[in-house]
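Peer 1: Here is my input, please return the structure:
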Amino acid sequence: MTSKWRGRLKWRGRPRWPGRKWRAPIALPSSDQWRRHVSRVWGLLGASLVLVGVGAVVLAGSYDRSREARVLGTDAPINSGATESGGIDAQNSPTVARSPVRPAELATSSRIDTPFFSCRLHVSSDGGKRWTLIPIRAPKGEEAKCFAPDVAFSADGTLYFSFVTLKGRGNVPNATWISTSKDGGRTLSKPVKVLGKLAFQVRLAADPVNRDRVYMTWLQGRDVASLRFTGVGNPTSPFVGAA
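Peer 2: Numbers count the residues shown, from 1 in each chain. Reported below is the predicted structural model:
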């Protein structure tokens, strides 16, 4: 039995061992073959890394592009006085919400600052083609001064409407209230008090999954005072605060 190395291991002749089966030896690659194999592996790995890098660049670049949106249709008024420029009771600070259950149901809230503070709630059941004004009644014991409303739809289509009631000549935030509606805002429940004095600028956000959870943010004041300036002109001189 003789052997000779020629790039891979070969046997000349067939060995014979009593009681044992003969198995061909494992062929080993030559050093040149090893180098070529390793080079191919590193080449494929490098190419895959390049492709991954290109994909990351494309993905990142897609977020750098400016996004454009177009308005579907023309401007359409919600309230009756939206096209009048001479009124002093203009609505401002609007918010809008859409029902996740009935997409054609929309609700908007807005506030009026003159001639006195008040709130507006408009609802639509046809995707905004027609709007209905919903009256907001002052809670019992509160002045009829509604301020800074907001609106949101929960995951099951319940409408939440929040507002703040003001009190006194200084229009001090006195309480925060929430009403709900199961019919898209056409009828509102009795307002429930959720916050006390000096809480204002309330904003609502409904949980997209949990129908019984609504998030609310607000600003909380600590004190209210009137200011009396002791000098004329710009208020750079000392002033006196009176509670």
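Peer 1: tell me the phi and psi of residue 156?
Peer 2: phi -100, psi 10 (degrees, to the nearest 10).
Peer 1: Please apply the same query to the one 4 residues further on.
Peer 2: Backbone torsions for residue 160, taken as degrees, to the nearest 10, come to phi -110, psi 130.
Peer 1: Need the per-residue pLDDT for the closest residue in space to it that isn't next to it in sequence.
Peer 2: Leaving out its chain neighbours, the residue that sits closest to residue 160 by Cβ to Cβ, 6 or more residues apart in numbering is residue 152, at 4.9 Å. For the C-beta atoms, the positions are set from N, CA and C on the backbone; glycine is no exception. For residue 152, the pLDDT comes out at 97.
Peer 1: residues near residue 152, how many?
Peer 2: The local packing of residue 152 (other Cβ atoms under 10 Å) involves 23 other residues.
Peer 1: what's near enough to touch residue 164?
Peer 2: The contact partners of residue 164, by Cβ atoms under 8 Å, 6 or more residues apart in numbering, come to 146-148, 173-177, 199-200, 202.
Peer 1: rewinding a little: could you verify that the residue nearest to residue 160 is part of a strand?
Peer 2: Yes. Judged by DSSP: H, G, I helix; E, B strand; the rest coil, residue 152 forms part of a strand.
Peer 1: Need the max-distance pair from the contacts of residue 164.
Peer 2: 146 and 199 (14.6 Å; Cβ to Cβ).
Peer 1: of the two, who's got more company?
Peer 2: Shown here are residue 146 and residue 199; by other Cβ under 10 Å, residue 146 has more neighbours (24 against 18).
Peer 1: mind checking how far that one is from residue 186?
Peer 2: 19 Å (Cβ to Cβ, to the nearest Å).
Peer 1: got it, and residue 134?
Peer 2: Separation of residue 134 from residue 186 (Cβ to Cβ): 7 Å.
Peer 1: Mutual contacts of the two, please.
Peer 2: Between them, residue 134 and residue 186 share these contacting residues under Cβ under 8 Å, 6+ apart: residue 123.
Peer 1: of those two, who's got more company?
Peer 2: Using other Cβ under 10 Å, the more surrounded residue of residue 134 and residue 186 is residue 134, with 20 against 13.
Peer 1: which residues touch the more buried one?
Peer 2: 121-123, 185-186, 188.
Peer 1: Apart from its chain neighbours, what residue comes closest to it?
Peer 2: residue 121 (4.4 Å).
Peer 1: Within the sheet, what are the partner strands of the strand or helix carrying the one you found, with directions?
Peer 2: According to DSSP states H and E, residue 121 maps onto strand 118-124. The pairing partners recorded for strand 118-124 under DSSP bridges are strand 106-112 (antiparallel), strand 132-134 (antiparallel).
Peer 1: ok, residues contacting the helix or strand encompassing residue 149?
Peer 2: According to DSSP H and E, residue 149 maps onto strand 146-153. Contact with strand 146-153 is made by 93, 95-101, 105, 107-111, 117-121, 136, 138, 159-166, 171, 173, 185, 200-206, 214, as judged by Cβ under 8 Å, 6+ apart.
Peer 1: Give the ChimeraX command for selecting the buried subset of those.
Peer 2: Per 16 or more other Cβ atoms under 10 Å, the buried members of the contacts of strand 146-153 correspond to this ChimeraX selection:
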select :95,97,99,105,107,108,109,110,111,117,118,119,120,121,136,159,160,161,162,163,164,165,166,173,185,200,202,204,206,214
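Peer 1: Narrow the contacts of strand 146-153 to those in strands?
Peer 2: 93, 95-98, 107-111, 118-121, 159-166, 173, 200-206, 214 (DSSP state E).
Peer 1: Please name the residues that touch residue 95.
Peer 2: Going by Cβ under 8 Å, 6+ apart, the list of residues near residue 95 reads 108-110, 149-151.
Peer 1: For the nearest residue to residue 198 once chain neighbours are set aside, report the pLDDT, please.
Peer 2: Counting by Cβ to Cβ, 6+ apart, residue 221 is the residue found nearest to residue 198 once chain neighbours are left out, at 3.6 Å. Looking at residue 221, its pLDDT stands at 93.
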